[in-house]
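In: Quick check, what structure comes out for this input:
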Amino acid sequence: GFPSGCRFVLFTTSPRRFFEEELGATEFELVECELDCGCLQKDSVVIDAEATLKKYELINSNRDALIDRFSKQLIERKVDLVLADIPPLAFAVAEKARIPSIGISNFTWADIYAPYLVRLPKYEKLIEQIKEDCSRASHYALLRPGFEALQCMSSKPGCVVEAGLLARQGGSKREVVAAITGLDPKKKWCYFYIGPWGLE
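Out: All right, here's what the predicted structure looks like:
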């Protein structure tokens with residue numbers, strides 16, 4: 001559970017039902033907010049690098065308005081701390097509102113997008129802007145064991161903490177899978193993952 005008295009305001013494009021399932025009876029406010037786009041994919045495996053950077057560039061083109069709008073909303077709601085996983089603009093928003101921010105992740109979007117520059121060098125300034133925004137976080141809690149301090153936080157020694165892996169205790173779903181697939185739950189099952197084969 002969460003400490004008593006905690007109030008949650010979720011700035012996201014994810015549907016309310018996802019958080020109702022995750023947070024149970026914990027009350028929260030949901031605010032529609034798109035500050036990043038993750039990775040846009042052509043299918044369940046292949047990332048469309050150019051579409052991703054184009055989409056992020058579109059979001060970033062409205063950065064001043066987004067930062068202004070959402071920093072005011074944080075102040076109006078008397079938010080004390082911003083936790084982000086891990087839109088770079090969230091840290092710029094928090095900085096403008098003068099609220100501490102913590103990035104919780106095992107990467108930054110600059111890490112993910114940087115290799116795309118080999119093929120798409122015209123987005124170099126955009127990646128630099130992402131790195132700069134990532135560096136605005138007060139702290140990072142890294143979920144990846146042994147991960148070196150983030151490049152974007154090199155000017156803030158001691159602000160990157162290795163949190164280790166976070167995971168729920170797993171449970172058997174054998175009966176559920178058997179009901180969905182018609183498989184015999186008493187038999188051994190073997191699952192083969194064959195990557196993108198056949199996706200075309």
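
In: From here on, just use CA atoms for contacts and neighbour counts.
Out: Will do.

In: For Lys96, grab phi and psi.
Out: Note on Lys96: its backbone torsions stand at phi -60, psi -40 [degrees, to the nearest 10].

In: for the residue nearest to it when sequence neighbours are not counted, phi and psi?
Out: For Lys96, the nearest residue in space outside its immediate sequence neighbours is Ser71; the separation is 6.1 Å by Cα to Cα, 6 or more residues apart in numbering. Here is the backbone geometry of Ser71 (degrees, to the nearest 10): phi -70, psi -40.

In: now swap in the one 10 residues further on and tell me
Out: Main-chain dihedrals, Leu81, degrees, to the nearest 10: phi -150, psi 140.

In: Mind picking out the helix or strand in this structure with the poorest mean pLDDT?
Out: When each helix and strand of the chain is scored by mean pLDDT, DSSP states H and E, strand 160-162 comes last, with a mean of 83.

In: which outside residues touch the helix or strand following that one?
Out: Past strand 160-162, heading to the C-terminal end, the next element that is a helix or strand (DSSP states H and E) is helix 174-181. Contacts made with helix 174-181 from outside it, assessed by Cα atoms under 8 Å, 6 or more residues apart in numbering, are listed as Leu183, Asp184, Pro185.

In: What average pLDDT does helix 174-181 get?
Out: Taken as a whole, helix 174-181 carries a mean pLDDT of 94.

In: starting at the chain centroid, how far to that helix?
Out: When distances are taken as Cα atoms, centre = their mean, to the nearest Å, helix 174-181 is centred 31 Å away from the chain's centroid.
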